[in-house]
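Peer 1: Generate coordinates for the sequence data below:
(one chain, ligands or ions: 1)
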Amino acid sequence: MSWAAVLGTLAALAGVGLAVSSGLLISRAALRPEVFLSLGLLVTTVRALGLGRAALRYAERLAGHAAALRGGEGVRLALFDTLARFGRDLLGLERSGDVLSRAGADVDARQFAALRVTLPLAAGLGVLLGLGGWLAWLDPLLALLAVLPLLGAALCVLAARRPVAALTRRETGLAREHATRLLDALAASGDGAGRHSAAGLGALSGELETVTRQLGALTARLTLARELAFAAAVGGVLWRGAALVGVGELSGVLLAAVTLGTAAAFDALGPLAAVPGASAADRAARDRSAALSALTPAVTAPAHPRPVPPGPLRLELRGVTLRRGGRVVLDEVNLTIQAGERLALSGPSGGGKTTLARMLTRDLDPDGGPDGGQVTLNGADLRELNPAALRARLCLHEQDAPLLDGSVRENLHLGDHQAPDETLRALLDELGLSHLALDAWVGEGGSRLSGGERARVSLARALLKPGDLLLLDEPTAHLDADTEARVLNTIARHLRGRALLIVTHRPAPLALARRHLTLRRGRLSEPTPTPPPVAPRTPERTAP
Ligand SMILES: Nc1ncnc2c1ncn2[C@@H]1O[C@H](COP(=O)(O)OP(=O)(O)OP(=O)(O)O)[C@@H](O)[C@H]1O
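Peer 2: Okay, the predicted model is just below:
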């Protein structure tokens, strides 16, 4: 960045030098048009500065952006590490989409902060010193008259830093809140709840308008101060210069150079106006990164994970208790899932079924302390294992069946990236999705598919994945009875000896399981199998 600052300062000085030389050239040529050809040195200087300024500006951009991108690399990696700690939990953060999009903008703000803050300050200082030094050598008062307004304009901008930053932050926050509430109101407009959200929107719009107006007024005052300073500097230099020319202490030729040089210095100080905004954005981005780093994810990967103990699958919950939002969601749950076992889990809504499944995938941990119990895989606590090694063994279909924004084929390849098209096609046909092309685009989260289609693509992905436990949360929730039967047959055909835990409210999927568990208010029970209904006895024939 230091090279960029030097190059930027030289480019700014070249601009001032260009104006000064042009002034000299014009004055000399005007005084003695017949010796125009003898002005070769000045003509060359003007051309050299004109060209050199562009070259310096280009070199400065190159060096500055290279340094910014190099610096940004560290910022991006640190941000990635912070976000990666959350894993899937990131989606549970408040306004996670906003967190992500702002994290991207924050990387930009932080990596270009030096370019937008340090460089204009260095260039401004260089111009002030260069012009001030030259003018002081000609006449100290002339220097003061030029430099003081320049300095005043720069200080005004810097002094306005805090109010501009505060108003900009407030304006951005209000605009974001306004956009969020507007979307909420639109989403809720169908059921009448929109009217309630829209009521708050009016007040928010008014506040946003006031803040925007205050920011506009402050910016206008700063522009006015800058123009007044410009007029004062040029006027002062002309006044003092003319007096010096009058007493013969300054050649008339130099007066034009001094005046144009002072005017050009104002242009070189122009980028200073963006410094307060850029430095406020940098500070806000740093604060947000620090706040994000300070958040604790629900689950953290161990620094030194131990290998998964070998042997056939044995996934166990031992006395697991979990409180969420102050409520006990799982209450001393004990459960063992062995290789090849087939279990069904049902129970009333909100009973904790999905939570229990998320324990097995280690998206959640039991409460801390000895009372929380533990979840183990082949005897090893999941908290000691690499989460990726655990999830590699699980074939997961989630209740809301999220798909990635890509083709059906790309989504299925997440289950088995080597599966040929024929296998994918056959599986989709089995699941009643023969109308769905492998190249069909599923949209964000699968939004271009119906709920039932999305669920079946997600299920196909789980069935394709090599692993030893199929964890299926409501795989037939959106389906009619015929399609449900078809899907259940497909699951049965593709079990391939794997263990199965199927979470369901519906009776039909229970037929896939050999054990049936119920979770009610966080407590797991295994009802004693009801004896099969007794067939109505056919009356014994009696001999006539
Ligand atoms: N992020 C959360 N913070 C606080 N409480 C939560 C959170 N997620 C779920 N819960 C609570 O945990 C309880 C169990 O939720 P869970 O989703 O496991 O129920 P479920 O049995 O799967 O319900 P359903 O059959 O409706 O899918 C619910 O009371 C729910 O409100």
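
Peer 1: can you give me the strands for the chain?
Peer 2: Secondary structure of the chain (DSSP state E): strands at 314-324, 327-338, 342-346, 374-377, 380-381, 394-397, 469-473, 499-503, 515-520, 523-525.

Peer 1: and the third one, which strands flank it?
Peer 2: Translated: strand 342-346. Strand pairing for strand 342-346, using DSSP bridges, gives strand 499-503 (parallel), strand 515-520 (parallel).

Peer 1: Columns mean neighbour count on top of these, output as JSON lines?
Peer 2: (Glycine included, C-beta is placed from N, CA and C.) As requested, the strands paired with strand 342-346 are exported to JSON lines (neighbours: other CB atoms under 10 Å):
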{"stretch": "strand 499-503", "mean neighbour count": "24"}
{"stretch": "strand 515-520", "mean neighbour count": "17"}
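
Peer 1: Now mean pLDDT and distance to residue 99 too, for the ones you listed, in a markdown table please.
Peer 2: Below are the strands paired with strand 342-346 laid out as a markdown table (pLDDT from 0 to 100; distance: least, CB to CB, whole Å):
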| stretch | mean pLDDT | distance to residue 99 |
| --- | --- | --- |
| strand 499-503 | 94 | 29 |
| strand 515-520 | 92 | 32 |
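
Peer 1: now the ones you listed as JSON lines including distance to residue 84?
Peer 2: Converted to JSON lines, the strands paired with strand 342-346 look like this (distance: least, CB to CB, whole Å):
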{"stretch": "strand 499-503", "distance to residue 84": "28"}
{"stretch": "strand 515-520", "distance to residue 84": "32"}
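
Peer 1: Distance to the ligand for those - can I get that in a markdown table?
Peer 2: Formatted as a markdown table, the strands paired with strand 342-346 follow (distance: least, CB to the nearest ligand atom, whole Å):
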| stretch | distance to the ligand |
| --- | --- |
| strand 499-503 | 7 |
| strand 515-520 | 6 |
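
Peer 1: Break the chain down into its structural domains.
Peer 2: 2-294, 314-525 (automatic domain parsing).

Peer 1: Please measure how far the first residue of the last one sits from its last one.
Peer 2: Start to finish, the residues bounding domain 314-525 are 20 Å apart (CA to CA, to the nearest Å).

Peer 1: Tell me the confidence at residue 531?
Peer 2: Looking at residue 531, its pLDDT is 47.

Peer 1: re earlier: between the domains of the chain, which gets the lowest average pLDDT?
Peer 2: Mean pLDDT values for these show the minimum at domain 2-294, a mean of 81.

Peer 1: How far does that one stretch from one end to the other?
Peer 2: 32 Å.

Peer 1: Which parts of the stretch 51-200 of the chain are helices?
Peer 2: In the stretch 51-200 of the chain, the helices defined using DSSP state H, counting those that start in this stretch lie at 96-111, 113, 119-138, 140-159, 161-188, 194-246.

Peer 1: okay, those helices, which one's buried deepest?
Peer 2: Across those, averaging neighbours per residue (mean count of other CB atoms under 10 Å) puts helix 113 on top, at a mean of 21.

Peer 1: Alongside the ligand, which residues does the stretch 251-400 of the chain contribute?
Peer 2: Contacts of the stretch 251-400 of the chain with the ligand, taken as CB under 6 Å from any ligand atom, map to 324-325, 329, 349-355, 399.

Peer 1: 8 Å instead, please
Peer 2: Contacts of the stretch 251-400 of the chain with the ligand, taken as CB under 8 Å from any ligand atom, map to 324-325, 327, 329, 347-358, 399.

Peer 1: Quick check on those residues: which are buried?
Peer 2: When those are checked for burial by 16 or more other CB atoms under 10 Å, the buried set is 329, 347, 351-358, 399.

Peer 1: just checking, which of the residues of the stretch 251-400 of the chain next to the ligand belong to helices?
Peer 2: 353-358 (DSSP state H).

Peer 1: between those, which is nearest residue 251?
Peer 2: For those, the closest approach to residue 251 (CB to CB) belongs to residue 358, at 84.2 Å.

Peer 1: pretty sure that closest one is touching residue 364, no?
Peer 2: Yes. Applying CB atoms under 8 Å as the test, residue 358 and residue 364 come out as touching, 4.7 Å apart.

Peer 1: Close to the ligand: what parts of this protein are there?
Peer 2: The chain has residues 92, 324-325, 327, 329, 347-358, 399, 473-474, 503, 505, 519, 522 near the ligand, with proximity defined as CB under 8 Å from any ligand atom.

Peer 1: can you rerun that using 6 Å?
Peer 2: 92, 324-325, 329, 349-355, 399.

Peer 1: about what we covered before: distance to residue 182 for the ones in helices among the residues of the stretch 251-400 of the chain next to the ligand - can I get that in a markdown table?
Peer 2: Output for those, formatted as a markdown table (distance: CB to CB, whole Å):
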| residue | distance to residue 182 |
| --- | --- |
| 353 | 36 |
| 354 | 31 |
| 355 | 34 |
| 356 | 38 |
| 357 | 36 |
| 358 | 33 |
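
Peer 1: distance of the residue lying closest to residue 282 once chain neighbours are set aside from residue 74?
Peer 2: Leaving aside its chain neighbours, residue 282 sits nearest to residue 113 (3.7 Å; criterion: CB to CB, 6 or more residues apart in numbering). According to CB to CB, to the nearest Å, residue 113 stands 13 Å off from residue 74.

Peer 1: go on, residue 384?
Peer 2: Using CB to CB, we find residue 384 at a distance of 31 Å from residue 74.

Peer 1: These two - which one has more neighbours?
Peer 2: Between residue 384 and residue 74, counted using other CB atoms under 10 Å, the more crowded position is residue 384 (15 against 11).

Peer 1: Next up, the contacts around the more buried one.
Peer 2: 302, 305-306 (CB atoms under 8 Å, 6 or more residues apart in numbering).

Peer 1: between those residues, which is nearest the ligand?
Peer 2: residue 302 (23.3 Å; CB to the nearest ligand atom).

Peer 1: in terms of contact, does the closest one touch residue 382 like I think?
Peer 2: No. Using CB under 8 Å as the test, residue 302 is too far from residue 382 to be in contact (9.8 Å).

Peer 1: Those two: which is more packed in?
Peer 2: Set side by side, residue 302 and residue 382 show more neighbours around residue 382, with 22 against 13, by other CB under 10 Å.
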